[in-house]
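In: let's see this in three dimensions:
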Amino acid sequence: MSSIRNSRTRTRFVTAAATVALAAFALTACDDGSGSRDEGASPASSSSSDGSPSVTPTLTPGSGSTTADAGGTPVGSKPAADASTKKPVAKAPAPKKPGAKDTAVTCQGSNTKTVASPLNRPVNHMLLTVTNTGGNPCLLYTYPSVQFTDAQAEPPVIEESQPQAVVTLNPGESGYAVIVLAAADGSAGHGRTVKTLNVYFHGRSGNESVGTGAHPSLPAGGTYIDDSLKVSYWQQSMNDAISW
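Out: Numbering: from 1, shown residues only. Next comes the predicted model:
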């Protein structure tokens, strides 16, 4: 009876020893000598060795990372603006062309107002003031063509009074001329009193009157004139006019 127990005990011991030996053999086969286990090539190494492109993983949105994707654009960043979407630079406005209101016209009765004012000094002088009432600049060419009551011809002009340039009146501006009414010493003949005055305007050539004339009022008692009657050229300033 005891021999049977001993036989079973030895059998169990042998079986257990064989099991331990097999386990030790398996561990030795798996051990590469460095203490780590070699579980074969990783999937990534296998994929790289056979020429297939590797895929770089990207982080999920909201991670705060700017990992680049396969196309090279950082994830979560905006692409650079295309130059074609930039607003064009505004060009400077073209110079304004002269309009109809910038074109100068000839001064005449319809676009001016004429006033005749007798002067105390110089004596026997009358000042003509012409004001541009139109919307365009106007030109006072040469001198006024004046005609008193029953006059047969316009009086001569004082040649020395000719200005260097044509008088130009912008809207609202005035030009001037004087009429020498009579000789200061009374030496001229054919003295008389007149009560009406017409003023006409010359064109560019100075040989003709253009447009409509003006009819400024004279003093109620009339104006004395004689054969020494003459006029000055149009002047840009009053002082230049009354100096004649």
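In: mind listing what the host helix or strand of Ser117 pairs with, with the direction of each?
Out: For Ser117, the host element (DSSP states H and E) is strand 112-119. Partner strands for strand 112-119, per DSSP bridges, with pairing direction: strand 125-132 (antiparallel).
In: run through who's touching the strand it pairs with.
Out: Residues outside strand 125-132 that contact it (C-beta atoms under 8 Å, 6 or more residues apart in numbering) are 107, 111-119, 138, 140, 144, 146, 169-181, 199, 214, 216, 223, 234, 238, 241-242. To be clear about C-beta, it is placed using only N, CA and C from the backbone, and glycine gets the same treatment.
In: restricted to helices, list the residues you listed.
Out: Met238, Ala241, Ile242 (DSSP state H).
In: among those, which one has the most neighbours?
Out: Ala241 (21 neighbours; other C-beta atoms under 10 Å).
In: hang on, the earlier thing: for ChimeraX, write the selection for the buried entries among the contacts of strand 125-132.
Out: In ChimeraX syntax, the buried subset of the contacts of strand 125-132 is picked out as below (16 or more other C-beta atoms under 10 Å):
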select :107,111,112,114,116,138,140,144,146,169,174,175,176,177,178,179,180,181,199,214,216,223,234,241,242
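In: just the CA coordinates for the strand holding Ser117, please, in PDB.
Out: This file holds the C-alpha atoms of strand 112-119, laid out as PDB (Å, rounded to 0.1, in the frame of the first residue of the first chain):
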ATOM      1  CA  THR A 112     -23.700 143.000 -66.500                       C
ATOM      2  CA  LYS A 113     -25.000 146.000 -64.600                       C
ATOM      3  CA  THR A 114     -23.700 149.500 -65.500                       C
ATOM      4  CA  VAL A 115     -23.700 152.500 -63.200                       C
ATOM      5  CA  ALA A 116     -22.700 156.100 -64.200                       C
ATOM      6  CA  SER A 117     -21.500 158.200 -61.300                       C
ATOM      7  CA  PRO A 118     -20.400 161.900 -61.700                       C
ATOM      8  CA  LEU A 119     -17.100 162.600 -59.900                       C
END
